[in-house]
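Chemist: structure of the sequence below:
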Amino acid sequence: QELDRPRPLVQAMEALAKAKVSEVSLLDSLGKIVVSHMVDFSVKDVAATATACQRLLVCDGAVLEALARQGLRKGWRFKPQYAQAVVRACTAAGFRHSVVAELIEGIEQRDQSNHQSHDQSHEAAQAPPSGPAQGHSEVDWEALEEGPIFSEPLLEKQAVSLGEANLHGESMQGVTHDAPGKSGRKIRMQR
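Modeler: This is a model prediction of the structure:
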């Protein structure tokens, strides 16, 4: 199978890792292909390749940098567990780079924001209920049902008058009707 797409490349790396084959010339050749196709890797492909690199102790800086850059390029879709896989591969190889530091920083920021949002939601859950929510009021359903909204058969009258126009053979095309309660707004009925 050709190694010209991300999926076969990831599978090749995973197979080498599983077989614990760490032949330098093979890894170098595969590493060059991985780097050239890294831009097409999904977040899961990046994580799987990073895990394989960690197992194989890949020390090729180009491969590890490409993994980190692709993770940053994917942005919010690159979940912390995927980023951790890349960081672990870089750490295992002793690879230090500003891109890896940026990836670590992103993980830490996500952790902090997750802890803050968790703390805020926990505080909100612990707060005692204080009646109706702010901006909302209790609804008096009995008073509402007795109000003018339910007592006016306005819509039925309009439906009957439009239906009568149709029964008398009049065309509905071009008929406009004033919407109730909305001054200047017209509804155009067409057939």
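Chemist: avg pLDDT for stretch 47-64?
Modeler: Confidence for stretch 47-64, expressed as mean pLDDT, is 95.
Chemist: what segments of the protein are strands?
Modeler: All strands of the chain, identified by DSSP state E, fall at 175-178, 186-189.
Chemist: tell me where the model's unsure across this protein.
Modeler: Along the chain, segments meeting pLDDT under 70 span 1, 118-119, 121-191.
Chemist: which stretches in it count as helices?
Modeler: For the chain, the helices defined by DSSP state H cover 6-19, 24-37, 43-56, 61-74, 80-93, 98-126, 141-146, 148-151, 154-167.
Chemist: dump those to CSV, plus mean neighbour count.
Modeler: Bear in mind the C-beta positions are built from the backbone N, C-alpha and C, glycine included. Listed next are those as CSV, based on neighbours: other Cβ atoms under 10 Å:
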stretch, mean neighbour count
helix 6-19, 17
helix 24-37, 16
helix 43-56, 22
helix 61-74, 21
helix 80-93, 20
helix 98-126, 12
helix 141-146, 9
helix 148-151, 8
helix 154-167, 11
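Chemist: so Ala68 sits against Ala85, correct?
Modeler: No - Ala68 lies out of contact with Ala85 (Cβ atoms under 8 Å); the separation is 10.8 Å.
Chemist: which residues touch the closest residue to Gly94 other than its chain neighbours?
Modeler: Distances taken as Cβ to Cβ, 6 or more residues apart in numbering place Cys59 nearest to Gly94, at 7.3 Å, with adjacent residues excluded. By Cβ atoms under 8 Å, 6 or more residues apart in numbering, the contact set of Cys59 is 93-95.
Chemist: Ala48 now?
Modeler: Counting by Cβ under 8 Å, 6+ apart, Ala48 makes contact with 10, 13-14, 85.
Chemist: return the member of the residues you listed nearest to Glu23.
Modeler: Met13 (13.1 Å; Cβ to Cβ).
Chemist: identify the residues contacting Thr51.
Modeler: 14, 17, 85, 88-89.
Chemist: what's the most distant pair in the residues you listed?
Modeler: Applying Cβ to Cβ across the contacts of Thr51, the maximum distance is between Glu14 and Arg88, 15.6 Å.
Chemist: would you reformat the contacts of Thr51 as JSON lines and include distance to Asn114?
Modeler: Putting the contacts of Thr51 into JSON lines (distance: Cβ to Cβ, whole Å) gives the following:
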{"residue": "Glu14", "distance to Asn114": "30"}
{"residue": "Ala17", "distance to Asn114": "30"}
{"residue": "Ala85", "distance to Asn114": "18"}
{"residue": "Arg88", "distance to Asn114": "20"}
{"residue": "Ala89", "distance to Asn114": "23"}
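Chemist: could you single out the nearest of those residues to Ser42?
Modeler: Ala85 (13.2 Å).
Chemist: which ones are touching the closest one?
Modeler: Contacts here follow Cβ under 8 Å, 6+ apart; on that basis Ala85 touches 46-48, 50-51, 54.
Chemist: now Glu65
Modeler: 95, 97, 99-100.
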